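**Student:** no FASTA, just this:
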């Protein structure tokens, strides 16, 4: 089962390169801490997912690179080719001369329709190379113009064209102190559009990654490369092959999906008889959790703590909400490693902050003329605000 | 990669423009070791084979033959332009890119705008179209002029209307030099106000530069350099005010240092668009982020440091650019480009926040 990655904008392309690099380094790492046969199965599975048939022995990443200006794509392509171990397809990139100018409206309304056919064709070609497609992994940032605007447009198109495949959008939450003044506008517009067309949003916050680099890794002068490498490491530990609970004889086939679908209780139906007594208000309630364990002694690991009903909302059984994947093969030479992917209230606070800031700006109509110039009217903004307020409210009520 | 065309109008505009082209050439020479005409150079220069007569000599790739600036030089008196053409930069300018007259505008906005505007409208349009045709993807016009004079102020702002009608999609970045309090042109207030109206309506972004501030910066630098406090820490010829002698005369005229600062400013503004880095900032992004309302497009700029340290551990180009959008009557929206984000300077790795008053005091030890 293969994943097609779509890298959008400067951020998407820079991260995409680091992700493929991390995946490749790990799969070709000699110390897997497991049997040779197991290692080979792991490698084969990883290769099938992310790389396609080699020409001259060099694997080609299953990726489509899109950006509206050439500098970053050129840099990414040359870095990949220079490493000599893997590379990007020569014709899998699309680029223009002039960027989107951090303008969501420009990315969505101008670049989107203009280049829709070319980009979808590129994606189609990549999909045809796959034996069986498990889904799309779209890497984008929320603060810029191309990643956010064009990303939202492409995701909607993928929804229309490949409605049976999963789409997971990897979005980069901008620094709270801001890299771009209009980032809050761009973020709310992106999120509201993605909510309607994407299946899952995997979020990485720049602030959190920066703290990891500063506090845990003690890096003095943190560059974006360091941040991207931390990110790639985290993603790699999630996406590399694992066994699921049911089939322990072969590697799990679908890397992108567990059943994230959550069915809230119908009004009037009895709740599942659990009295959530003394629920701590600061407790982070989850809808679903996924734990991935790699390395030694995974089979004997005790994850009972994750099945505590207090972690989940009252209308969910922990057994339905908690998933666990394991593999004995170590990731990146770590003897034991664990990863957690969680659908919880964690993002309520950042989301609320962004919506608040965007609303303040919107109240004085600052910068709106830059968006109305390209067809995004005030009603679109208001729609986005409404949708996001609903999302925040639903999560708060878990 | 996109291209930009620089239009220099009037005596002030042309003198600054000259410093700008000199610095641009030196910057690219330092970066481009192999002499290949790449996309970074193509943003301001054309690669031309001078052996071919006429217009067909443009070469788009390969080794650099002869670089021609993407510029249009306009002045209603010949002195300044002639001086440029006799100086070391004469080969950088195409003779077809000049528009000159003999009499000058006499520090009168009306003469510059109405008289010369109507007289030279066709010629101006033609030269601009020509320079636009030489560009693959034209993103921006940089107009350099002064507000106090006649040509720069009058004809410069007339140009804006022409550009808006002819090239509506292309950004118009205007660098305007505002007169100081001790300006010796009596009519400069009138000229400035008349020009402001045009700037308000037809420019996309204005970078106002105050002559008085430039004077103050120069005196501060001179004070510190001459007092010897910096000692061996500063490379002697590395002040942002020193030029390599763009003009014929070797002695530095009083305005040379000031022009150099403005030229540095313009170069740094575009450096992230020309060179690659971990977080690129293009010109349209600058306009998008700093212009909240269409008519409030005046960007106040500052520059630091104003010299280069001789210590080799510190990379030579650590120029951090802070731009604030001065919203008259609103609270200042300060876009402080924090250094960890590696904004406009593509090769800097600085990690400190500069102070406003004395830039050299904040240098890390």
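**Tutor:** Okay, I see it. No experiment lies behind these values; they were computed from the predicted model shown. Numbers count the residues shown, from 1 in each chain, chains lettered A, B, ... in the order given.

**Student:** Would you mind listing where the chain has pLDDT under the threshold?
**Tutor:** Answering for chain A, as no chain was given. Scanning chain A for pLDDT under 70 picks out A:32, A:244-283.

**Student:** ah, I was thinking of chain B
**Tutor:** Using pLDDT under 70, chain B drops low at B:50, B:52-60, B:228-254, B:307-365.

**Student:** Spatially nearest residue to residue B:67, not counting backbone neighbours?
**Tutor:** Leaving aside its sequence neighbours, residue B:67 sits nearest to residue B:45 (CB to CB, 6 or more residues apart in numbering or on different chains; 4.3 Å). (Each C-beta comes from the backbone N, C-alpha and C, glycine too.)

**Student:** quick one: is stretch B:24-31 near chain A?
**Tutor:** No - Stretch B:24-31 stays clear of chain A (CB under 8 Å from any CB of the partner chain), getting no nearer than 14.0 Å.

**Student:** For that stretch, buried residues please.
**Tutor:** Of all the residues in stretch B:24-31, those buried under the rule 16 or more other CB atoms under 10 Å in any protein chain shown are B:24, B:25, B:27, B:28, B:31.

**Student:** try stretch A:350-360
**Tutor:** Buried-residue list, stretch A:350-360, by 16+ other CB under 10 Å: A:350, A:351, A:354, A:355, A:357, A:358.

**Student:** What ranges does chain B have for its strands?
**Tutor:** B:3-9, B:45-47, B:67-69, B:71-75, B:98-100, B:138-146, B:171-178, B:205-210, B:299-304, B:320-325, B:333-335 (DSSP state E).

**Student:** Residue B:216 is nearest to which of those?
**Tutor:** Of all the strands of chain B, it is strand B:205-210 that lies closest to residue B:216, at 9.1 Å by CB to CB.

**Student:** so that closest one versus strand B:138-146, what angle?
**Tutor:** Here strand B:205-210 runs at an angle of 30 degrees relative to strand B:138-146 (axes from the mean of the first three to the mean of the last three CA atoms, to 10 degrees).

**Student:** If you count contacts, what does strand B:205-210 end up packed against?
**Tutor:** strand B:171-178, helix B:254-274, helix B:283-290, strand B:299-304 (3 or more CB pairs under 8 Å, 6 or more residues apart in numbering or on different chains; DSSP states H and E).

**Student:** Could you list the residues of the stretch 1-150 of chain A in contact with chain B?
**Tutor:** So the stretch 1-150 of chain A meets chain B at A:10, A:14, A:69-72, A:74-75, A:97-99, A:101-103, A:145 (CB under 8 Å from any CB).

**Student:** same question, the stretch 201-350 of chain A
**Tutor:** A:221, A:222, A:223, A:224, A:225.

**Student:** wait, is the second one part of a strand?
**Tutor:** Same thing as residue A:222. No - the assignment for residue A:222, made by DSSP: H, G, I helix; E, B strand; the rest coil, is coil rather than a strand.

**Student:** and the closest residue in space to it that isn't next to it in sequence, how many neighbours?
**Tutor:** Nearest residue to residue A:222 in three dimensions, chain neighbours excluded: residue A:213, at 4.7 Å (CB to CB, 6+ apart). Number of residues near residue A:213 (other CB atoms under 10 Å in any protein chain shown) recorded here: 19.

**Student:** list the contacts for residue A:213?
**Tutor:** A:219, A:222, A:226, A:227, A:230 (CB atoms under 8 Å, 6 or more residues apart in numbering or on different chains).

**Student:** would you list the residues you listed in a markdown table and tack on neighbour count?
**Tutor:** Below are these laid out as a markdown table (neighbours: other CB atoms under 10 Å in any protein chain shown):
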| residue | neighbour count |
| --- | --- |
| A:219 | 15 |
| A:222 | 18 |
| A:226 | 17 |
| A:227 | 23 |
| A:230 | 21 |
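
**Student:** what comes into contact with stretch A:340-360?
**Tutor:** Counting by CB under 8 Å, 6+ apart, A:173, A:176, A:184-185, A:187-188, A:191, A:202-203, A:205, A:238, A:260, A:262, A:284-292, A:385, A:388-389, A:391-392, A:395-396, A:398 sit against stretch A:340-360.
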